[in-house]
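J.: Provide a 3D model corresponding to the input given below.
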Amino acid sequence: MPDLPAPSSTGVRIAGDRYQWLIAWQGCVTAVRDAALHVASPVVAVGVEVDGVGNVDDVVLYRKQPPHTYMQVKYAADSSTPVNEEYLLKSSDRGGPSILRKLARSWEQLARDETPVDLALLSNRSPDAGDPLIALRDSRSQLLLPKAARQGPRSQAGQARTRWAEGSGLSEEQLLELLKVLRFDLARDVQHLHEHLQMTMFAAGLRFDEESMHAGADWVARQVADGQRRLSLADIREAIKAMRLAAGASRAVLSVAALKPDPMAQDANYAVDWVDRFRKAQVGRGRREGVILGIRGGVRPETGRRIQRRCGLLYTLHSESGTV
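T.: This is a model prediction of the structure:
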């Protein structure tokens, strides 16, 4: 790929909006798939730029039963600003509240009646491995807890907790309550988002080529421009019909983690984590760590190979140890 020129400030804003519309469209696809598979608490609507929820208004997944998922979506044009204490506690360019303080205020607003909530800071920025608290993030749950609460007040993590509490305007006890529900969904590069979204569309029984993916994002953008802040399941189904995106039945998804935790396990209907077993077993070189299988009605070999090429995941799982 040839070198690309640095984007203008307008270009960065447009790319950031596009990133948000793709996240919202992924929520729409999830709603369709949840309904088809009769999941226990399906996504029933998707909010975009929602009023009355503080700064976690970028994308909201409304479920049949709480907790609903409230996302703050942050896009960056480069990797110069990883997610760490400085990024989270720094005042805005205009001297306003920091990102963490805004998240804390939103949490207090949404949880004041003790309604369970799910908050997410979703970004293409990477986590800073040198940060005392961010380095404790669990890649499976995307939460800093329980590890962030285990170390004493004199430890590096303990001192960071104190600074985070002061910076967020919360007591340390309140901060830990916030961190129970605040997920750091990080390193979601645009290419990774495209692959994940296309795979979700495939699992939902939709066309999943790039043209179809962008058609869905364009539809979200038009709804936002028209002032539609809540996209119901009926709205989404009507849009899919109008865009002729339907391609078949929805498929249940099985995630099997072998060498490393599968970051897509939370989107699967069934998940198996064999990481501990594979650490003890002798696994041949060249194995990859993930597998996503369509198990409703089967997946044709050519489709499996296509998904494998697009997503970098194994279509079948092999073990040389014989213990799995």
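
J.: find the nearest non-adjacent residue to V32, please.
T.: Leaving out its chain neighbours, the residue that sits closest to V32 by CB to CB, 6 or more residues apart in numbering is A204, at 5.1 Å. (C-beta placed from N, C-alpha, C; glycine too.)

J.: okay but D51 is in contact with R229, surely?
T.: Yes - using CB atoms under 8 Å, D51 makes contact with R229 at a distance of 6.8 Å.

J.: those two: which is more packed in?
T.: Per other CB atoms under 10 Å, whichever of D51 and R229 has more neighbours is R229, with 15 against 8.

J.: returning to that earlier point: my guess is the residue nearest to V32 meets A31, correct?
T.: No - with contacts counted by CB under 8 Å, A204 stays clear of A31, the gap being 9.2 Å.

J.: who touches S141 in this structure?
T.: Taking CB atoms under 8 Å, 6 or more residues apart in numbering, we find S141 in contact with R183.

J.: distance of it from A215?
T.: Distance, S141 to A215, by CB to CB, to the nearest Å: 33 Å.

J.: immediately after the longest helix along the chain, which helix or strand?
T.: Scanning the chain for the longest helix, with DSSP state H as the assignment, gives helix 9-37. The first helix or strand that comes after helix 9-37 along the chain, using DSSP states H and E, is strand 43-48.

J.: partner strands of the helix or strand following that following strand, with direction?
T.: Following strand 43-48 in sequence order, the next helix or strand is strand 59-63 (DSSP H and E). Strand 59-63 has the following strand partners under DSSP bridges: strand 43-48 (antiparallel), strand 68-74 (antiparallel).

J.: can you lay out those strands as CSV showing mean neighbour count?
T.: Conversion of the strands paired with strand 59-63 to CSV gives the following (neighbours: other CB atoms under 10 Å):
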stretch, mean neighbour count
strand 43-48, 23
strand 68-74, 22
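
J.: closest one to R277 among those strands?
T.: Of all the strands paired with strand 59-63, strand 68-74 sits nearest to R277, with 31.3 Å by CB to CB.

J.: pull the CA atoms of the helix or strand that the closest one is followed by into PDB?
T.: For strand 68-74, the succeeding helix or strand toward the C-terminus, using DSSP H and E, is helix 85-89. This file holds the C-alpha atoms of helix 85-89, laid out as PDB (Å, rounded to 0.1, in the frame of the first residue of the first chain):
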ATOM      1  CA  GLU A  85      -3.800   7.800  33.000                       C
ATOM      2  CA  GLU A  86      -2.700  10.900  31.200                       C
ATOM      3  CA  TYR A  87      -5.200  10.400  28.400                       C
ATOM      4  CA  LEU A  88      -8.100   9.700  30.800                       C
ATOM      5  CA  LEU A  89      -7.400  12.400  33.300                       C
END
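
J.: so what touches helix 85-89?
T.: Counting by CB under 8 Å, 6+ apart, helix 85-89 makes contact with 81, 98-100, 125, 128, 131-134, 160, 163-164, 167, all of which sit outside it.

J.: cool, and stretch 110-118?
T.: Stretch 110-118 is contacted from outside by 53-54, 56, 66-70, 107, 119, 181, 183, using CB under 8 Å, 6+ apart.

J.: how far off helix 9-37 does the helix or strand where T200 lies point, in degrees?
T.: In the assignment (DSSP H and E), T200 maps to helix 190-203. For helix 190-203 against helix 9-37, the angle by axes from the mean of the first three to the mean of the last three CA atoms, to 10 degrees is 20 degrees.

J.: so for helix 190-203, what gets flagged as buried?
T.: Of all the residues in helix 190-203, those buried under the rule 16 or more other CB atoms under 10 Å are 193, 195-203.

J.: what about the helix or strand following that helix, distance to the chain center?
T.: Using DSSP H and E, the next helix or strand after helix 190-203 towards the C-terminus is helix 210-225. With CA atoms, centre = their mean, to the nearest Å as the basis, helix 210-225 stands 19 Å off its chain's centre.

J.: how about helix 210-225: buried residues?
T.: In helix 210-225, counting by 16+ other CB under 10 Å, buried: 212-213, 215-217, 219-221, 223-224.
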